[in-house]
Structures are given as C-alpha cells and as structure tokens.
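1. Please work out how this folds:
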Amino acid sequence: MSLLTAPLLRVGARGTHLDGQPLFRGGPDELLDEMEALVASGGRHLVMTPNVDQVLALRTDPRTAAAHRAASLRIADGAPLVGLARLLGDQRIQRLTGADLLGDVVARAARNGWRVAIVGGAEGVSDDASARLRASSPGVRLVTVPFPFVRSVDDAGCRAVADALRVERPDVVFVCLGSPKQEAWFLEWRDRLPPGVYVGAGAAVEFAAGTRARAPRLVQRLGGEWLWRLAQEPRRLAHRYLVRGPAFVGVVLGSLLAARGRRS
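-> Model (predicted):
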C-alpha cells in the first residue's frame with residue numbers, strides 16, 4: 001500500500017479522524033454512556049472496532065469501507081492505531097476492545113434493564129459465554145442467536161437470524177462473525193433488523209466463553225496482544241499479522257507526512 005493510497009489518521013481540533021470518520025475518544029465509562037445514548041435514540045446503529053487489519057481493509061475491501069462510513073460509532077481496538085493517534089497529538093484516545101465492551105455492556109444492561117443478544121460463535125460457545133456473563137451480572141436479559149453456515153451474507157439463510165432478532169428485540173447485539181463478515185451482514189440486512197445497537201465484536205464471544213484466553217493486562221498495555229494471539233493461532237493469524245500487517249507502515253508515514261504538511 002503506497003503513501004498515496006493509504007487511509008490517513010488525522011488529529012485536529014475536533015479529535016481524531018480515520019479516513020475522514022471520527023474515532024471515539026474517552027475511557028470505558030464514557031463509552032458506555034455513548035452506547036446508552038445510542039440505545040435511547042432508537043434506530044439501527046453499527047459500532048465498529050477498527051484494528052490494523054480493518055484499517056488496511058479500508059482500501060482493499062469495499063464492504064469494510066462502506067461499514068466504516070455507515071457506522072454510528074468507531075472505537076480504536078488496535079494498539080498501533082492508538083499509538084499513532086497519540087503520536088499525532090491526541091492524548092485522550094484509548095484502546096477499547098470489543099472483548100471488554102461485551103462484559104461492560106452486560107453489566108450496564110443488568111442495571112438498565114436492557115436486553116442483549118449475541119449472534120454467532122461456534123456451536124456451544126455462545127451458550128457458554130452467556131452462562132458466564134449471566135453469572136457475572138445476575139438478572140441480565142441475555143439471549144443467543146445461532147448463525148447458519150452460509151457462503152455469503154446475502155444468502156437467504158441469514159433471514160432467519162434477522163427474524164429471530166425481530167422476535168427478541170434486543171437493545172444491544174454483539175455480532176461475533178469476524179470482520180468484514182459481521183459488518184457486511186449488518187449492512188445487507190439492516191432494513192429487516194429491529195432497532196438496536198449492533199457491535200461488530202469478532203472473537204469477543206470466545207473470550208467470554210473462556211475458549212480463548214486474553215493476553216495478560218501488562219501485555220495488552222504494552223501493545224503486545226497481537227503477539228499473544230499469533231502464538232495461540234499461528235496458522236490463522238500469521239498472514240494477517242506478518243504479511244498484511246507491515247503495510248500499516250504506509251498509514252503511519254502517510255499520516256505523519258500529512259500532519260507535517262498541515263503544520264508547515
């Protein structure tokens with residue numbers, strides 16, 4: 001990816017923008033308040049959690065680019081993304097992950113009376129995740145909706161998922177299909193979905209179920225969670241981190257040069 005085509009991160013008086021769209025700035029409590037405002041506003045809202053892979057996909061995958069533009073909220077999941085924003089001058093931005101957000105939203109839902117749904121996850125995984133989340137937040141209204149094996153998100157089999165959500169009418173839906181599939185599914189079926197906040201949360205259901213271990217907090221703070229995940233799943237993640245990942249250098253250099261040009 002060349003400097004001319006790389007999506008840019010820009011920091012200005014109105015905060016940090018990724019490829020022209022604002023990134024959320026603040027901590028976990030402020031994020032929950034923002035989620036609460038989206039729930040109260042009605043409508044169908046997409047929350048994206050961009051990491052390095054999604055940033056690069058903005059130039060290679062039209063579905064990711066369309067979802068990025070359509071999202072109501074974008075939270076920086078990738079440590080390199082946060083590090084670049086801080087280097088450019090935004091000290092308020094924090095790394096906030098979909099995995100953490102799932103537990104935080106369930107806890108807030110137990111207090112607010114929200115109904116939460118988890119879509120996706122391998123057979124049995126979403127049920128295990130739900131059991132653990134209910135144990136940590138007694139009284140929460142939490143449902144799971146299985147996702148069928150389909151070749152494309154426009155497959156008619158996806159209609160059953162949308163119909164199940166119309167029956168359940170959750171306030172917040174964690175769509176755990178992996179990117180870009182989860183965002184593409186939302187865009188494809190948005191008009192048939194009930195109002196709510198839809199979070200593209202990837203592997204969050206597996207972390208919640210305990211079938212995949214999060215990196216220790218110190219490793220997360222040092223920005224090394226990608227190495228932890230690579231060691232756990234080298235076959236699946238080697239291409240993402242070792243082949244595609246270095247192209248993020250183009251995003252870094254392009255963003256720094258653009259910032260320098262504005263200052264001069």
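2. From here on, just use CA atoms for contacts and neighbour counts.
-> OK.
3. what about the strands in the protein?
-> Assignment of strands within the chain using DSSP state E yields the ranges 9-12, 15-18, 21-22, 44-48, 73-74, 115-120, 141-145, 172-176, 196-200.
4. how near is residue 185 to residue 213?
-> 27 Å (CA to CA, to the nearest Å).
5. between the two, which one's more packed in?
-> Higher neighbour count among residue 185 and residue 213: residue 185, with 22 against 13, using other CA atoms under 10 Å.
6. count of neighbours near the nearest residue to the more buried one once chain neighbours are set aside?
-> Setting aside the residues directly before and after it, residue 185 is nearest to residue 153 in space (CA to CA, 6 or more residues apart in numbering), at 5.2 Å. Burial of residue 153, expressed as a neighbour count using other CA under 10 Å, amounts to 19.
7. Relative to residue 263, which of the strands of the chain is closest?
-> Using CA to CA as the measure, strand 9-12 is the one of these that comes nearest residue 263, at 11.0 Å.
8. which other helices and strands contact that closest one?
-> Strand 9-12 makes packing contacts with strand 15-18, helix 79-87, helix 248-263 when contacts are defined by 3 or more CA pairs under 8 Å, 6 or more residues apart in numbering; DSSP states H and E.
9. Now render the ones you listed as TSV, adding mean pLDDT, distance to residue 109 and mean neighbour count.
-> Converted to TSV, the helices and strands packed on strand 9-12 look like this (pLDDT from 0 to 100; distance: least, CA to CA, whole Å; neighbours: other CA atoms under 10 Å):
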stretch	mean pLDDT	distance to residue 109	mean neighbour count
strand 15-18	96	29	20
helix 79-87	95	27	20
helix 248-263	90	36	16
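10. among the ones you listed, which is nearest residue 193?
-> strand 15-18 (27.3 Å).
11. one step back: which of the strands of the chain sits closest to residue 92?
-> When the strands of the chain are compared for distance to residue 92 using CA to CA, the nearest one is strand 15-18, at 8.9 Å.
12. and of the strands of the chain, who's closest to residue 234?
-> Distance to residue 234, taken as CA to CA, is lowest for strand 172-176 among those, at 20.5 Å.
13. Check the offset of that closest one from the chain's centre.
-> Mean-position distance between strand 172-176 and its chain equals 10 Å (CA atoms, centre = their mean, to the nearest Å).
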